[in-house]
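Starting from these lines, generate the structure:
(one chain, ligands or ions: 1)
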Amino acid sequence: MRVVSGIQPTGSLHLGNYLGAIRNWVRMQDAMAEDGGQCLFFLADLHAISMPHNPAELRAATLEMTAALVACGIDPARSVLFNQAQVPAHAELQWLLTGTARMGWLNRMTQFKDKSGKNREGASVALYTYPVLQAADVLLYQATHVPVGEDQKQHLELARDIAQKFNNDFCEPDAPVFTLPDPIVPPEAARIMSLRDGTAKMSKSDPSDMSRINLADNPDTMAKKVKKAKTDPEPLPGELAGLAGRPEALNLVSIYAAIEGSSPEAVLARFAGQGFGAFKPAMAELVVETLGPIRQRFVELKEDRESLDAILARGALHARDIGVPTLKAAYDALGLIRG
Ligand code: TYM
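Predicted coordinates:
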């Protein structure tokens, strides 16, 4: 088993990233210790240049996000933790795969449509080819499992399509170059929504900071954000069906259940008939209890520049070694002479 996943170092790590992806990374890392598999987790800094960005902020955010991942429980001694830019094979393999990826496939990617919006002609080429780099990220390491939130599933399906076409076009049937990766999406937290709008995903790029709970927020801010979350005046129902048409209420109940490791049904059974005046303080307490200790570790670590640089340098060395055979096999399969 080889587990590979990444996160863009843009902005701060939020509750959606944590529940949708990072918590699963940590669980898989811990399971690997028994199964003898390997985990690679990385900062997708190459992806971050697909949108307008400030170089100094990107540099700082890459280090901060490294600290955030370690604070969440990613252990650089057990998992390979690195940033893409220190492993040139990601960019190299991406180019090799652009010969296999089809325009029609990329044209279907919803993230490009969302992020380019009405300004398609003004979007960067990197934003368009972004999913090919993401395919390279996982195929380079022969990933078998890729823990992600729901929004990344389409990109993973593309990675499978690219791998399959490459194997078909350039490899003997009994000697494929690439493994087809499976996305692992936690059903209870596949898509955590904004605290201001229950129909929009919680996101680092939402202009309203009140829309998300950041790992970097202090406990008072976390509690305030929960208490100010948009809701409706109705009490909570006893059954899930009673939340139909109430996206904000459903989101808060789902977050509560995901943090607690129960189910929305179990949460409703406890709070049925009560209003948000009772639910929100309980939820705020749960959020602070869960994220508070992680935040504490994060605050201490993010100032330790030397350790963070060392973690990334060591991770990159290890990642480069792991990627060598696949990159070589891809060059060879395409008939490229590297000398
Ligand atoms: P990114 O940086 O947007 O998010 C990191 C991870 O967090 C998940 N996530 C969420 N899950 C549930 N609810 C939400 N509101 C929410 N918001 C974010 C994302 O699904 C993701 O798993 N393209 C990727 C980074 C990437 C990558 C990869 C991932 C680059 N290469 C290879 C996996 C494999 C991205 O921008 O994620």
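
give me the number of residues near the residue lying closest to Q142 once chain neighbours are set aside?
Spatially, and ignoring its direct neighbours in sequence, Q142 is nearest to T179 (4.4 Å; C-beta to C-beta, 6 or more residues apart in numbering). Just so you know, the C-beta spots here come from the backbone N, C-alpha and C atoms, and that holds for glycine as well. The tally of other residues near T179 (other C-beta atoms under 10 Å) stands at 17.

Ok, the one 5 residues further on next?
Neighbourhood size, I184 [other C-beta under 10 Å]: 18.

Next, it: phi, psi?
Here is the backbone geometry of I184 (degrees, to the nearest 10): phi -120, psi 110.

Which residues does the least confident helix or strand in the chain by mean pLDDT contact?
Lowest mean confidence among the helices and strands of the chain (mean pLDDT, DSSP states H and E): helix 23-35, at a mean of 90. Helix 23-35 has contacts (C-beta atoms under 8 Å, 6 or more residues apart in numbering) with 1, 3, 5, 37-39, 41, 69, 72-75, 78-79, 145, 147, 184, 186, 189.

Show me what counts as buried in that helix.
By 16 or more other C-beta atoms under 10 Å, the buried positions in helix 23-35 come out as R23, N24, W25, V26, M28, Q29, M32.

Now the longest helix anywhere in the chain: average pLDDT?
Taking DSSP state H as the criterion, the chain has its longest helix at helix 305-334. Mean pLDDT, helix 305-334: 98.

Contact residues of the stretch 101-250 of the chain facing the ligand?
Contact residues, the stretch 101-250 of the chain versus the ligand (C-beta under 6 Å from any ligand atom): 134, 137-138, 146, 148-149, 151-152, 189, 191-192, 201-203.

Tabulate those residues (TSV), appending distance to L15 and secondary structure.
Output for those, formatted as TSV (distance: C-beta to C-beta, whole Å; DSSP: H, G, I helix; E, B strand; the rest coil):
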residue	distance to L15	secondary structure
Q134	23	helix
D137	24	helix
V138	25	helix
V146	21	strand
V148	16	coil
G149	11	coil
D151	15	helix
Q152	17	helix
A189	9	helix
R191	12	coil
I192	6	coil
K201	12	strand
M202	7	coil
S203	11	coil
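
among these, which ones are buried?
Using 16+ other C-beta under 10 Å, the buried ones in these are 134, 137-138, 146, 148-149, 151-152, 189, 192, 201-203.

ok, which pair from these is furthest apart?
V138 and M202 (23.8 Å; C-beta to C-beta).

next one: phi and psi at F112?
Dihedral angles for F112 - degrees, to the nearest 10 - are phi -60, psi -40.

Now do the same for the residue of the stretch 101-250 of the chain found nearest the ligand: its pLDDT.
The ligand sits closest to G149 of the stretch 101-250 of the chain, with a gap of 2.3 Å, by C-beta to the nearest ligand atom. For G149, the pLDDT comes out at 94.

what's the closest non-adjacent residue to it?
In space, G149 is closest to G20, 3.2 Å off (C-beta to C-beta, 6+ apart).

So for that neighbour, what pLDDT did the model give?
94.

Contacts only, for it.
V148, G149, E150, V185, P186, A189, A190, R191, I192.

Reformat the residues you listed as TSV; add distance to A284.
Listed next are the contacts of G20 as TSV, based on distance: C-beta to C-beta, whole Å:
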residue	distance to A284
V148	28
G149	23
E150	25
V185	27
P186	23
A189	18
A190	23
R191	22
I192	16
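
Let me see the contact set for the nearest residue to H14 once chain neighbours are set aside.
In space, and not counting its chain neighbours, H14 is closest to R212: 4.2 Å by C-beta to C-beta, 6+ apart. When contacts are counted by C-beta under 8 Å, 6+ apart, R212 touches H14, L15, G16, S194, L195, M202, S203, K204, D206, K225.

for the first one, which residues make a bridge with it?
I take that to be H14. N214 (DSSP bridges).

A266 - that's part of a strand, no?
No. A266: not assigned to a strand; according to DSSP: H, G, I helix; E, B strand; the rest coil it is helix.

so where does the closest residue to it other than its chain neighbours fall, helix or strand?
The shortest distance from A266 to any non-neighbouring residue, by C-beta to C-beta, 6+ apart, is to A257 (6.7 Å). Per DSSP states H and E, A257 falls inside helix 247-260.

For that helix, give me every contacting residue.
By C-beta under 8 Å, 6+ apart, helix 247-260 touches 15, 19, 186, 188-189, 192-195, 197-199, 226, 229-232, 234, 236, 243, 263-264, 266-268, 271, 276, 279-280, 282-283, 286-287, 290.

which of the residues you listed are buried?
For those, buried by 16+ other C-beta under 10 Å: 15, 19, 186, 188-189, 192-195, 197-198, 226, 229-231, 236, 243, 263-264, 267-268, 271, 276, 279-280, 283, 287, 290.

Going by residue numbers, what spans are helices in the chain?
15-17, 23-35, 45-48, 55-72, 89-98, 103-107, 110-116, 125-139, 153-170, 219-228, 247-260, 264-271, 276-301, 305-334.
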